[in-house]
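A.B. asks: Following is a predicted model, sequence given first.
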Amino acid sequence: MNRYECLQVLVPLIADHLIVTSQSGQRIEWGSLSSHEGNLLLGEMGAALSVGAGLAAALPNRPVVVLESDGSVLLSLSSLATVANLGIHNLAVFVFDNGTYSGTRISEPTATRGKTDLEQVAKGAGIERSATVRDLESFKKEAVLAIQGKTLSFIVRKVQESLMHRDIPRPDVDLLENKYRFVRYLQSTEGKTPPFLGRG
Amino acid sequence: MREDSRFQLAPTASEADAVSIAVGATLGGKQAACYMESTGIYVSCYQLVVVALRLRVPVLLLVGHLGGFDDRRNSFLYSLAGRRLIPQLDALDVEYRVLDNGDNLEINIKAQCAR
């Protein structure tokens, strides 16, 4: 099973969630599956988890979903300890772990292909609800629970390496357009105006 | 600050986390600031570029000039980091203002938040 098939499972579970994606392939795949106004398609490694945590801390009544990869989480392992100690409950992190760096037309193993276990790293960092799932049914069960936004959750989904994002058209909005759509959505649903709007 | 209810404090394991969290909080409608020492700018360069600058989300950085010329306590140990702080901010195209002392600190911070 690849990441795209897992993302298909998540799409119908999304309601008023805010969704932050990490690296580029995931951004393309999620962007092709979901046009939700709460999508923040970052497309960068090592940042989505912390950006999602900032959103969750700022909006404690809003469920936040972060779509991560093994390479991206490995790049910013400190954020696991930070997030575990923020006292947030409304954040669900899904790590699609293919054990591979494959975003730049290479296919090199990540540390999770070796001895590193991200579920155990997250648990050790203090994220108690951490789990690894290897089949679709288990993923569905964990996803339904995690996405409710009641407990900080860290779900590692082992997937096969897939390059199908290279055959999917890229989202037709750039990052800034996506950002403004995202904050306008928050403005209309939360009544909060980010401090930078209207200043440019 | 922990005891001041006007602030929501987010202690982080890394300044890199701090910058991304601040960006997320700002998008969520909060006025966010990151307090760090000059070494934190080096640690958070990547997040400053790929998240804050790329997304054009303003974040106030309050940076103690550790290792700067006036840092009599730590300057020998941290002078390398301190001497390169301003060129580093220039390279990142981060707008900054250097305060030589703590006079009018509150007014200066408030002025930056209002921009």
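C.D. replies: Looks like it arrived, so ask away.

A.B. asks: show me the contacts for the spatially most central residue of chain B.
C.D. replies: For chain B, residue B:61 is the residue whose C-alpha lies nearest the centre (CA atoms, centre = their mean; 2.4 Å). Counting by CB atoms under 8 Å, 6 or more residues apart in numbering or on different chains, residue B:61 touches B:33, B:34, B:36, B:41, B:94, B:96. No exception for glycine: its C-beta is placed from N, CA and C like everyone else's.

A.B. asks: Name whatever forms a beta bridge with the third one.
C.D. replies: Following DSSP bridges, residue B:36 is listed with bridge partners residue B:63.

A.B. asks: Could you count how many residues lie near it?
C.D. replies: 19 (other CB atoms under 10 Å in any protein chain shown).

A.B. asks: show me the contacts for it.
C.D. replies: Contacts for residue B:36 (CB under 8 Å, 6+ apart) come out as B:15, B:18, B:43, B:44, B:61, B:62, B:63, B:64.

A.B. asks: Got a quick PyMOL command for the buried subset of those residues?
C.D. replies: Under the burial definition 16 or more other CB atoms under 10 Å in any protein chain shown, those of the contacts of residue B:36 that qualify are selected in PyMOL by:
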select buried, chain B and resi 15+18+43+44+61+63
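
A.B. asks: Tell me the one among the contacts of residue B:36 nearest to chain A.
C.D. replies: Proximity of the contacts of residue B:36 to chain A (CB to the nearest CB) peaks at residue B:18, which lies at 8.2 Å.

A.B. asks: ok, the closest one to residue A:111 distance?
C.D. replies: Remark: distance between residue B:18 and residue A:111 (CB to CB, to the nearest Å) = 24 Å.

A.B. asks: how near is the closest residue to residue A:179 other than its chain neighbours to residue B:49?
C.D. replies: Nearest non-adjacent residue to residue A:179, counting by CB to CB, 6 or more residues apart in numbering or on different chains: residue B:55, 5.5 Å away. Remark: distance between residue B:55 and residue B:49 (CB to CB) = 10 Å.

A.B. asks: One more: residue B:39?
C.D. replies: Distance of residue B:39 to residue B:49, given as CB to CB: 17 Å.

A.B. asks: can you map out the helices along the chain?
C.D. replies: Reading this off chain A. Under the criterion DSSP state H, chain A contains helices at A:3-10, A:24-33, A:48-58, A:70-75, A:78-84, A:118-125, A:136-146, A:175-190.

A.B. asks: You answered for a different chain; I wanted chain B.
C.D. replies: Applying DSSP H to chain B gives helices spanning B:15-27, B:38-43, B:45-47, B:54-55, B:75-83, B:85-92, B:105-113.

A.B. asks: Contacts made by the shortest one with the rest, please.
C.D. replies: Just to be clear, that refers to helix B:54-55. Applying CB under 8 Å, 6+ apart, the external contacts of helix B:54-55 come out as A:42, A:44, A:175, A:176, A:179, B:23.

A.B. asks: Tell me, how many residues neighbour the fifth one?
C.D. replies: The burial count assigned to residue A:179 is 21, neighbours taken as other CB under 10 Å.

A.B. asks: hmm, back to that, between the helices of chain B, which gets nearest to residue A:95?
C.D. replies: helix B:15-27 (16.5 Å; CB to CB).
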